[in-house]
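Visitor: After the sequence you'll find the predicted model.
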Amino acid sequence: MLTNMTEVTGPSSIPQKRPINNDEAQPRLKLKEKNVLREPREKKDSWRKKEALQSGLTSTKEGATGGAAVHAGKQTGFNTPKAVTTTVEPPGLLRYRLPPPQLSDYYGHRAPSMAPMDVIPGMGEYFAVNDHPMNRRGFRYSPCEASRLLPSLAYRGTEYEPFGPRINFEDMNAQVYVDKQGKTVTNNKGWRMARANVGAREGDWYYECEIVNGINGISVGDSECGHVRIGWARREAPLDAPVGFDAYSYGLRDQSCQKVHMSRPKDFVSGISFVTGDVIGLRIFLPPLEDQRELSGDPTVISSDIIRDRLPIRFKNQLWFEHFEYQPTKEFEDLMSPAPVSKQTQKPRTLPGSFIKIYRNGEFVGTPFEDLYSFLPPASKPLPVVGGRELDDGTLGYYPAVSVFKGGAVRLNFGPNWIYPPADIGMEVKGIGERYDEQIVEDVAYDLIDEVDLLFTTGGMTGIGTKDTSAEQGTSVKEEIKEMVIEDE
């Protein structure tokens, strides 16, 4: 009766999984078994790390043709290099394709327009500089012109009247007023500063400041008298504050002749103030640049390579170079903080043997400052967010600087004929005015070096009328010279 029915068995009738051959079976390790080594777990790199490693391997292959990095460490079984040695090529000159200049661009630079200002009655004429580019945060400006002698660069630096050492009209606060020669400054507001157009990078230099209106002088507005502060300042020192405001300048107060650095006035002599009619001499000594470069530790600085990142722009139908300006860094800002810094930062380097000495009417007063802060990179840096690179462009150093307050006025004398020649200064001490011609010679030499660099290095000529190879070489393309607009303060 049931003979035709299939006999139903137990679990053997349930379909089984594919049997595993013995030779394919893998022994399972006990996770926490003692004295048994676990198999290493394969470490998978993230996509970001894989891309970085891939770019590093590509750079290794390109090392012979200008690659950026070479891996010299041994691999540890995975994709992560244990030790990496990076060989960085020195930075080069930024290359731009510029449009042909206008005919007027070849014929020099005119002086800025000046409007007379009635600041100190009976104390001479003072003028406000109008329609002129002023240095601003992240950028500074210098006059330039087109040049047929430099076909690759196409543009070079130039000067305008009044020629010679003076206050730099681009490097002063807009509320500072000057005389026609650019050597006397004043204002009718709070503290404002101006820097000279000559600066010291090494050597022994001197200049004089004649107090035209200060203590015991003519009062302006609600102030009992005008005040002045004088000294030496680096490029990073702000123009809307007095000399000695931060770590980038060293100043001297007229009141009690106190030294001021990082806004901290301190006595270094007693019973002396400089008043209207006094002539204050300021002497600075800086060690040789070779010693400073070795002290910096920066490979590009040690190589003595001067690299000028600048681009011609147009303002009021005149050409100007726009440079990346050096800006305050965290290391120097931390020096001004009275509270302890939470994270330890490296203290800025100083220049051994450097000093600033003060003279009053030809007589030695004292040495208020010694071992000044170093100014070569990495001590000075431009803003990287706007494209600045940590390089020495030849303008770093200490500049004569004066600041005035509500009618204070000071006249600068850059030498070589001194009003009160100090008796203890020999021939090795030179007037800072000699730097005017030296700076022009240096700028011309840098132009020739850059011209040769553009002619004979990879990429060839990149000036006007050349083939556009910027996409292939990764260089910037400039279709036209932009017109700069200055917003009203």
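Guide: Structure's in. What do you need? Numbering: from 1, shown residues only.

Visitor: doesn't Val275 make contact with Ile211?
Guide: Yes - Ile211 lies in contact with Val275 (C-beta atoms under 8 Å); the separation is 6.6 Å. C-betas here are computed from N, CA, C, even on glycine.

Visitor: so what sits against both of those two?
Guide: Taking C-beta atoms under 8 Å, 6 or more residues apart in numbering as the criterion, Ile211 and Val275 both touch Gly217, Asp254.

Visitor: which SS state does Val301 fall under?
Guide: Assigned with DSSP: H, G, I helix; E, B strand; the rest coil, Val301 falls in the helix class.

Visitor: mind listing what it touches?
Guide: By C-beta under 8 Å, 6+ apart, Val301 lies in contact with Arg293, Leu376, Pro377, Asp392.

Visitor: which one among these gets closest to Glu322?
Guide: Relative to Glu322, the closest of these is Asp392; by C-beta to C-beta it sits at 18.2 Å.

Visitor: Just give me the neighbour total for that closest one.
Guide: 25 (other C-beta atoms under 10 Å).

Visitor: Would you map the strands across the stretch 51-200 of the chain?
Guide: 96-97, 113-117, 126-130, 139-146, 155-157, 167-172, 177-178, 184-186, 192-196 (DSSP state E, counting those that start in this stretch).

Visitor: closest one to Tyr107 among those strands?
Guide: strand 139-146 (7.6 Å).

Visitor: Could you check how far that closest one is from the centre of its chain?
Guide: Counting by C-alpha atoms, centre = their mean, to the nearest Å, strand 139-146 is centred 16 Å from the centre of its parent chain.

Visitor: Stretch 184-198 too?
Guide: The answer for stretch 184-198 is 21 Å, by C-alpha atoms, centre = their mean.

Visitor: Now the residue minimising distance to the centre of the chain. Its backbone dihedrals?
Guide: Residue closest to the mean C-alpha point of the chain, counted by C-alpha atoms, centre = their mean, is Tyr326 at 2.3 Å. Here is the backbone geometry of Tyr326 (degrees, to the nearest 10): phi -80, psi 140.

Visitor: How about Asp443?
Guide: The phi/psi pair for Asp443 (degrees, to the nearest 10) is phi -70, psi -40.

Visitor: go on, the one 5 residues further on?
Guide: In this entry, Leu448 is assigned phi and psi values of phi -60, psi -40 (degrees, to the nearest 10).

Visitor: can you count the residues close to it?
Guide: Residues near Leu448, counting by other C-beta under 10 Å: 12.

Visitor: got it, and the one 4 residues further on?
Guide: Residues near Val452, counting by other C-beta under 10 Å, number 11.

Visitor: Same question for Val212.
Guide: Applying other C-beta under 10 Å, we find 23 residues neighbouring Val212.

Visitor: just the one 5 residues further on next, same as before
Guide: Around Gly217 sit 22 other residues, with neighbours defined as other C-beta under 10 Å.

Visitor: And the closest residue to it other than its chain neighbours, what's its pLDDT?
Guide: Nearest residue to Gly217, sequence neighbours excluded (C-beta to C-beta, 6 or more residues apart in numbering): Thr276, at 4.0 Å. Thr276 carries a pLDDT score of 94 in this model.

Visitor: Can you list the residue ranges for strands in the stretch 351-489 of the chain?
Guide: 355-360, 363-370, 381-382, 399-405, 409-413, 430-431, 476-477.

Visitor: any idea of the mean pLDDT in stretch 454-467?
Guide: 56.

Visitor: Where does the prediction get shaky in the stretch 101-250 of the chain?
Guide: Low-confidence segments of the stretch 101-250 of the chain, defined by pLDDT under 70: 219-223.

Visitor: hmm, 80 instead?
Guide: Scanning the stretch 101-250 of the chain for pLDDT under 80 picks out the ranges 120-122, 217-224.

Visitor: give the contact list for the nearest residue to Gly297 once chain neighbours are set aside.
Guide: Distance criterion C-beta to C-beta, 6+ apart; nearest residue to Gly297, sequence neighbours excluded, is Pro378 at 7.9 Å. Applying C-beta under 8 Å, 6+ apart to Pro378 gives the contacts Ser296, Gly297, Asp298, Glu390.

Visitor: Give me the neighbour count for Pro328.
Guide: 17.

Visitor: Could you do the one 10 residues further on as well?
Guide: The burial count assigned to Pro338 is 5, neighbours taken as other C-beta under 10 Å.

Visitor: Report the secondary structure state of it.
Guide: coil.

Visitor: confidence score at it?
Guide: 72.
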